[in-house]
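A.B. asks: The sequence and its predicted three-dimensional model are supplied below.
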Amino acid sequence: MATSTKREGGGLFDIESPMAIELRRIMIRLGRQLDLERKRAIMITSAERGEGKSLFSLHFALVLAYHLQKEILLLDADVRRPVQHTVFQVPLSPGFAELLQGELDIKQATHKTKVGNLHFMPAGLGGGNPSRLFAGGRVRDTVRKLHERFDIVVFDSPPVVPVSDPLHYLDAVDGTLYLVMAGQTHREVSLRGVEILRSAGANVLGAVANNLAEGAAPLLRQRSTTGTTRGVEPGADSTAADVKAPPDGGGLVRDGIVGQDLVLKSLPTQPWR
């Protein structure tokens, strides 16, 4: 019975589904850049909200736990708009925020899950000015302590354009995966997000094209500089023109968004925000 539960991702999703297979491919490609046999911390972020980063973080952590004989920690690092605690049905606090403030130890801030080697840490209560939590290298020191118990830490980070919180995490993580919502995210917004990360010294491992349907669906929307539109669907933003891309997501590279694309095709069209 325990084997069946783990096979199904602890009841959270089917580990043999097409989405899980795509996630495993991403894991394999990621392993070529980062030696996952070593202690690692990986940040998942996006340009703006609504691109599926929280859903991806959850399922990616499940796939890592299933396929690697490692202790995996999914950390909800979005202290402004946390969501993962609702999935695991645990209290929001205590969690990451309280750990950063030195108010408790790691054991008090983490929860076991139905998958034996997957653990979860909620965001905690960030208070009125969450940015203060990250001062003085607290995140780096906290991750160092987390690695005493966990092999891989997956950061479900806030989006990088509206808030600066993810930049505080960069010196604590080994690399960043960048979520892009195909057919929704404007190219300029995605480029701005990567620019912010790289200017802060981020190791951008690649981009995950979320909701990329089979076929030549629009990958990104590009704002028209002439005031005209090309190929805009009825009801769409009339200031946007579609940039066509092949279903393998190669446009992420050709458009200069990232140096290497890691493509996920089958996340739901209504991801968590």
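C.D. replies: Great, that's in hand.
A.B. asks: where along this protein do the helices fall?
C.D. replies: For the chain, the helices defined by DSSP state H cover 2-7, 18-33, 53-67, 84-88, 96-100, 106-109, 138-146, 165-169, 187-199, 251-254.
A.B. asks: Select, out of those helices, the one closest to I44.
C.D. replies: Smallest distance to I44 across those (CB to CB): 4.6 Å, for helix 53-67. Any C-beta I mention is one placed from the backbone N, CA and C, and that applies to glycine too.
A.B. asks: In the stretch 1-150 of the chain, where is pLDDT below threshold?
C.D. replies: Under the criterion pLDDT under 70, the flagged ranges of the stretch 1-150 of the chain are 1-13.
A.B. asks: tell me, how many neighbours does Q89 end up with?
C.D. replies: 7 (other CB atoms under 10 Å).
A.B. asks: for E16, same thing?
C.D. replies: Under the neighbour criterion other CB under 10 Å, E16 is assigned a count of 11.
A.B. asks: same deal with the one 5 residues further on?
C.D. replies: A count of neighbours around I21, defined by other CB under 10 Å, yields 12.
A.B. asks: again, but for S17
C.D. replies: Here the neighbour count serves as a burial measure; for S17 (other CB under 10 Å) it reads 14.
A.B. asks: so how far is Y66 from it?
C.D. replies: Look at S17 and Y66: by CB to CB, to the nearest Å, they are 12 Å apart.
A.B. asks: again with S164
C.D. replies: On the measure of CB to CB, S164 and Y66 end up 34 Å apart.
A.B. asks: between the two, which one's more packed in?
C.D. replies: Y66 (22 against 13).
A.B. asks: nearest spatial neighbour of the more buried one, skipping sequence neighbours?
C.D. replies: With CB to CB, 6 or more residues apart in numbering as the criterion, Y66 has its nearest non-adjacent residue at 5.3 Å, and that residue is I15.
A.B. asks: tally of neighbours for that neighbour?
C.D. replies: A count of nearby residues for I15, using other CB under 10 Å, gives 22.
A.B. asks: any idea how far the residue nearest the centre of the chain is from G95?
C.D. replies: In the chain, the C-alpha closest to the average C-alpha coordinate belongs to I44, at a distance of 2.6 Å (CA atoms, centre = their mean). I44 sits 17 Å away from G95, taking CB to CB as the criterion.
A.B. asks: A200 now?
C.D. replies: From A200 over to G95 (counting by CB to CB), the distance is 25 Å.
A.B. asks: do I26 as well
C.D. replies: 26 Å.
A.B. asks: out of the two, which sits in the busier spot?
C.D. replies: Neighbour comparison, I26 and G95: the larger count goes to G95, with 29 against 19 (by other CB under 10 Å).
A.B. asks: Could you find the closest non-adjacent residue to the more buried one?
C.D. replies: Of all residues not flanking G95 in the chain, G124 sits nearest, at 3.2 Å (CB to CB, 6+ apart).
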